[in-house]
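Visitor: The following comprises the amino acid sequence and a computationally predicted model.
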Amino acid sequence: MSVLQNTTYKKILELINSFSSYVRPRVNQNDYGGMALPPPIILESHLFYVSSNLMTLRGEIDYLIRNRVIRAFNLGLNTYTGERCFMIESSYLEHLLSFESKSVKKYVDQVLPKIISEYVSLEFLKNSGITNDDIKDLVSIKVLLIRDENSYFLSIPSLGAIRVSITEGRKALINHLKRNPDPKRDDLERKTVDESIFYSTYHLEALIGLGIVKVFTPNGRESRIRLVYDPTTK
């Protein structure tokens with residue numbers, strides 16, 4: 001299989017091209033906590049949403065990771081443990097190198113070419129020539145996030161605003177569905193979530209992909225949304 005034959009890769013490109021359409025306009029400089037957004041990331045839940053065959057999807061994602069077309073990251077959400085996001089490998093490297101840090105440059109050159117996992121051990125970093133000072137810099141820039149005392153999650157700098165927005169946006173929609181069962185999909189998508197940089201559609205499609213909510217058409221015409229379960233009470 002070539003990358004061009006990989007249907008998941010085509011879906012990823014389509015989601016990247018539509019990423020900006022999900023982002024609410026920045027009204028002032030302090031919006032998004034004053035943080036710059038990273039290049040487009042793709043949520044695994046959004047790939048679930050646009051895919052009809054999850055077995056094929058998972059196989060094609062694995063192919064893209066192993067061939068270094070995309071890189072996978074643990075999204076780091078407490079309620080949605082294990083949920084991943086993805087970034088095109090070349091975009092990720094370009095984003096890292098934009099920080100003009102010697103430690104980041106060493107990490108890009110000496111660590112990333114050797115790993116495809118979502119985390120890296122302290123021992124592996126040390127064996128790859130990364131010093132304690134380098135690690136402090138990488139954690140400070142949020143290229144690495146502490147996983148435990150002996151390992152780190154790989155991360156995307158500037159992901160903080162997105163992570164908070166996903167958490168708050170999903171929470172707002174779930175709470176709305178608990179108070180107002182089975183609303184029209186159009187009405188829910190028009191709901192504004194002040195705590196999120198994204199329009200409600202972004203969160204709704206992720207929740208559908210995760211199976212937390214479902215779409216149904218009771219009269220065969222208008223789509224409605226039903227809460228299947230509340231992930232915060234599992």
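Guide: Right, received. Where do you want to start?
Visitor: residues touching the spatially most central residue of the chain, list them.
Guide: What sits nearest the mean C-alpha location of the chain, by Cα atoms, centre = their mean, is residue 85, with 3.4 Å. Neighbouring residues of residue 85 by Cβ atoms under 8 Å, 6 or more residues apart in numbering: 41, 42, 43, 44, 72, 73, 75, 156. All C-beta spots, glycine's among them, are computed from the backbone N, C-alpha and C.
Visitor: Go again with 6 Å.
Guide: By Cβ atoms under 6 Å, 6 or more residues apart in numbering, residue 85 lies in contact with 41, 43, 73, 75.
Visitor: In strands, which of these appear?
Guide: Members of those lying in strands (criterion: DSSP state E): 43, 73.
Visitor: separation between the residue nearest to the centre of the chain and residue 38?
Guide: 10 Å (Cβ to Cβ, to the nearest Å).
Visitor: Now the contacts of residue 85 in TSV, please, with extra columns for pLDDT.
Guide: Below are these laid out as TSV (pLDDT from 0 to 100):
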residue	pLDDT
41	93
43	97
73	96
75	91
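Visitor: hmm, back to that, can you name the next helix or strand after the helix or strand containing the residue nearest to the centre of the chain?
Guide: Assessed by DSSP states H and E, residue 85 sits inside strand 84-88. Next helix or strand after strand 84-88 toward the C-terminus (DSSP H and E): helix 89-97.
Visitor: Now do the same contact list for residue 225.
Guide: Residue 225 neighbours (Cβ under 6 Å, 6+ apart): 185, 188, 213.
Visitor: Pull the contacting residues for the residue nearest to the first one when sequence neighbours are not counted.
Guide: It stands for residue 185. In this structure, residue 185 finds its nearest non-sequential neighbour in residue 223, 4.1 Å apart by Cβ to Cβ, 6 or more residues apart in numbering. By Cβ under 6 Å, 6+ apart, residue 223 lies in contact with 185, 215, 217.
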